[in-house]
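Asks: Sequence first, then the predicted structure:
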Amino acid sequence: MKSATDIVFVFPPAYGNVGAFKNHLGVSYFRAVLNKAGLHTEQYLNDRSGTIDAVAADILSRKPHIVGLTAYDANLMACLALARSLKRRQPEIPLLMGGPTATFGAKEMLARHEVIDFCVRGETEEFGLPIMEALLGGGRIDYSRLPGIAFRQGGQVVCTEPPPLVGCCAGAEHGLDSVAAP
């Protein structure tokens with residue numbers, strides 16, 4: 001039996017690419033930050049064909065505390081089908097949606113799909129750690145103080161302020177978008 005994982009990240013394949021779960025570069029950057037902070041994360045990879053229910057069971061066999069799904073328009077239906085299957089098996093597990101579709105459509109996604117608990121918006125390398133720590137910490141958390149997250153509160157969808165772009169907070173000499181002058 002496998003030990004518990006804090007967060008399992010999943011990048012479901014788009015239609016026509018059944019079974020090919022790929023490593024996602026943005027998630028890899030985020031995982032490096034989380035792992036450095038002592039969180040145990042995993043990128044779910046699966047190159048064999050299988051049903052949504054079989055994939056959900058395989059993901060849950062890793063005993064994650066949180067599952068994060070990376071959503072693009074092309075794989076959104078696969079993300080939602082997988083989310084429904086995960087919630088049928090383990091209703092209490094927090095399901096996060098990230099990626100471009102969640103970044104730009106968080107409010108609509110949460111309003112239409114109750115199976116998704118949170119949307120994480122934007123690049124997470126510099127602001128995502130407090131979100132994950134809050135979710136893993138349990139208890140009563142004021143998510144409205146955290147940038148880059150969308151959630152439901154009192155029957156309403158709340159979207160906090162957009163997060164800064166990577167490199168904007170660390171100063172001109174840091175970040176992926178920075179160029180050092182000679």
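Replies: Structure received.
Asks: tell me the secondary structure for R152?
Replies: Here R152 is recorded as strand under DSSP: H, G, I helix; E, B strand; the rest coil.
Asks: How many residues are close by it?
Replies: 15 (other Cβ atoms under 10 Å). Where C-beta positions appear, they are placed from N, C-alpha and C, glycine not excepted.
Asks: With A134 instead?
Replies: The number of residues near A134, taken as other Cβ under 10 Å, comes to 16.
Asks: ok, now the one 3 residues further on?
Replies: Neighbours of G137 under the rule other Cβ under 10 Å: 8.
Asks: For E126, see how far away it is.
Replies: Separation of G137 from E126 (Cβ to Cβ, to the nearest Å): 20 Å.
Asks: With D47 instead?
Replies: Distance of D47 to E126, computed by Cβ to Cβ: 32 Å.
Asks: secondary structure element for S49?
Replies: Assigned by DSSP states H and E, S49 belongs to no helix or strand.
Asks: Between D47 and E126, which has more neighbouring residues?
Replies: For D47 versus E126, neighbours defined as other Cβ under 10 Å are more numerous around E126 (21 against 9).
Asks: May I have the predicted confidence score for that one?
Replies: Listed pLDDT for E126 reads 78.
Asks: Name the helix or strand for it, please.
Replies: Per DSSP H and E, there is no helix or strand for E126.
Asks: then the helix or strand containing R88 to CSV, C-alphas only?
Replies: If you go by DSSP H and E, R88 is part of helix 76-89. Provided in CSV are the C-alpha atoms of helix 76-89 (Å, rounded to 0.1, in the frame of the first residue of the first chain):
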residue,chain,number,x,y,z
LEU,A,76,-12.0,20.2,-19.9
MET,A,77,-14.5,17.4,-20.4
ALA,A,78,-11.9,14.8,-19.3
CYS,A,79,-11.1,16.9,-16.2
LEU,A,80,-14.7,17.2,-15.3
ALA,A,81,-15.4,13.4,-15.8
LEU,A,82,-12.4,12.6,-13.7
ALA,A,83,-13.5,15.0,-11.0
ARG,A,84,-16.9,13.4,-10.9
SER,A,85,-15.4,10.0,-10.6
LEU,A,86,-13.0,11.1,-7.8
LYS,A,87,-15.8,12.7,-5.8
ARG,A,88,-18.0,9.6,-6.1
ARG,A,89,-15.3,7.6,-4.6
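Asks: Tell me the gap between the next helix-or-strand element following it and the middle of its chain.
Replies: Sequence order places strand 95-98 as the next helix or strand after helix 76-89, per DSSP H and E. Here the centre of strand 95-98 is set off from its chain's centre by 4 Å, with Cα atoms, centre = their mean, to the nearest Å.
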